[in-house]
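Engineer: Need a 3D model of the following:
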Amino acid sequence: MALTAKMKAFAQAVVDGLSNKDAAISAGYSEKSAMQQGSKLAKIPEVIAYVDQFKSVKKLTPTTEKLTSKKPKVNSVDSGENDNPLDEENYAKDDPLQFLLDVMNKSDDMFMRVNAAKAALPYVHGKVADKGKKEAKAEEAKKAAQSGKFGTLNNQLPS
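Structural biologist: Numbering: from 1, shown residues only. Below you'll find the predicted structure:
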C-alpha cells in the first residue's frame, strides 16, 4: 500500500512527538475517530518504516512548521454559483428554453453545456411513449373490422 498524504502527515506528527490520537487529528482525521485511526495507522508497516526512517534524522518537518493537535484550516473552494457564463445578457423570465440554449451554445465549461442540453431536451423533443391499452385495443378492432369473419357490412360488399 502506498503512503497517502494523511499517512505522511500522521508520521510527521509522530516524529515530532505527538501521541497517536493527536497525530491523527493533525493529519486531518475526525476528532471522534482519531484514537481508532491513530491506532490503526501506527500498525501499518509502511507508516512504521516511514516513521523509523525519519526518527533518527528528525528533520521531517521544518521548525517553522511544527504540527499541533488542532485540525488544519481548509480553504473553502469556490462553488461557482456566482459565475455567469453569459455576461450581461438580459433574458426574458418567461423563456427558460432560450436561456438554456444560450448557455449550451456560449458556455466554455463543457459540464455546464451538457447539463443545459439535458435540461433543454424535453422542451424540444417530447418523450415518445408506447400506445396505451385502450389505443392498442381500438386499433386492433379497426383492423378486425376491415376484413375477415368480423368485417362490417361496408367492407364486405364489393364496390
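
Engineer: Name the residues of the helix or strand where Met35 lies that are buried.
Structural biologist: According to DSSP states H and E, Met35 maps onto helix 34-42. Buried residues in helix 34-42, counted by 16 or more other CB atoms under 10 Å: Ala34, Met35, Gln37, Gly38, Leu41, Ala42. All C-beta spots, glycine's among them, are computed from the backbone N, C-alpha and C.

Engineer: Hmm, Ala24 and the fifth one touching each other?
Structural biologist: Yes - counting by CB atoms under 8 Å, Leu41 sits close enough to Ala24 to count as a contact (6.6 Å).

Engineer: shared neighbours, these two?
Structural biologist: Counting by CB atoms under 8 Å, 6 or more residues apart in numbering, the residues touching both Leu41 and Ala24 are Phe10.

Engineer: Provide a list of residue ranges in the protein with pLDDT below threshold.
Structural biologist: 1, 56-94, 150-151, 153-159 (pLDDT under 70).

Engineer: Just give me the closest of the buried residues of helix 34-42 to Val114.
Structural biologist: Gln37 (38.2 Å; CB to CB).

Engineer: just to revisit the earlier point, quick check: of the buried residues of helix 34-42, which lies closest to Ser19?
Structural biologist: Of the buried residues of helix 34-42, the one sitting nearest to Ser19 (CB to CB) turns out to be Gly38, at 7.3 Å.

Engineer: tally of neighbours for the spatially closest residue to that closest one that is not a sequence neighbour?
Structural biologist: Nearest non-adjacent residue to Gly38, counting by CB to CB, 6 or more residues apart in numbering: Asn20, 3.1 Å away. Close neighbours of Asn20, defined as other CB atoms under 10 Å, add up to 20.

Engineer: can you check the one 10 residues further on too?
Structural biologist: Using other CB under 10 Å, Ser30 is surrounded by 11 other residues.

Engineer: what's the helix or strand for it?
Structural biologist: Using DSSP H and E, Ser30 falls outside every helix and strand.
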